[in-house]
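# sequence first, predicted model second:
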Amino acid sequence: MKLVEKQDKYRPTIGNISAAIIVCVAIYSMINPGPEGWGFLAGIYLIFLCIIIMLVDLVFQRFIKNYWIISLIELMLLTGIFVLSRLT
């Protein structure tokens, strides 16, 4: 009788990769905030965005087993975030 439950592998998805890139951009914008200092505020926003993306990705990987569907959903969400940020 096996007592240890098999865990699914946590695979890198578009959400993981974009969150890592967003962390790098946030750190850079906090180190070099620009002449007026707005980069530091943008860095804080990007850190919160990264946390949200990672949590959504974790939930998707727990409940959706198909890797390609997860990637497609995350790509649509990130595209929507990008479009909404350009409209404001």
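Alright, I've got the coordinates.
# going forward, measure contacts between C-alpha atoms and count neighbours the same way
Noted.
# residue 54 contacts residue 18, doesn't it?
No: taking CA atoms under 8 Å as the definition, residue 54 is not a contact partner of residue 18, at 9.4 Å.
# so which residues of the protein form helices?
For the chain, the helices defined by DSSP state H occupy 14-31, 38-63, 67-87.
# make a markdown table out of those helices and add mean neighbour count.
A markdown table is the format used below for the helices of the chain (neighbours: other CA atoms under 10 Å):
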| stretch | mean neighbour count |
| --- | --- |
| helix 14-31 | 17 |
| helix 38-63 | 16 |
| helix 67-87 | 13 |
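# can you give the contact residues for stretch 52-68?
10, 13, 15-16, 19, 70, 74 (CA atoms under 8 Å, 6 or more residues apart in numbering).
# just how off-centre is that stretch within its chain?
11 Å (CA atoms, centre = their mean, to the nearest Å).
# could you give the mean pLDDT of it?
Mean pLDDT, computed over stretch 52-68, is 89.
# ok, now stretch 34-45?
Mean per-residue pLDDT for stretch 34-45: 89.
# what are the C-alpha coordinates of it, in CSV please?
Provided in CSV are the C-alpha atoms of stretch 34-45 (Å, rounded to 0.1, in the frame of the first residue of the first chain):
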residue,chain,number,x,y,z
GLY,A,34,13.7,57.9,-14.0
PRO,A,35,14.0,61.7,-13.6
GLU,A,36,10.7,62.1,-11.8
GLY,A,37,10.7,58.9,-9.8
TRP,A,38,7.6,57.3,-11.3
GLY,A,39,9.5,54.1,-12.1
PHE,A,40,9.4,53.1,-8.4
LEU,A,41,5.7,53.3,-8.4
ALA,A,42,5.4,51.4,-11.6
GLY,A,43,7.7,48.7,-10.1
ILE,A,44,5.4,48.3,-7.1
TYR,A,45,2.4,47.9,-9.5
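# so what touches that stretch?
Taking CA under 8 Å, 6+ apart as the rule, stretch 34-45 contacts 25-33.
# my read: residue 50 touches residue 16, true?
No: in this structure, residue 50 is not within contact of residue 16 by CA under 8 Å, at 9.0 Å.
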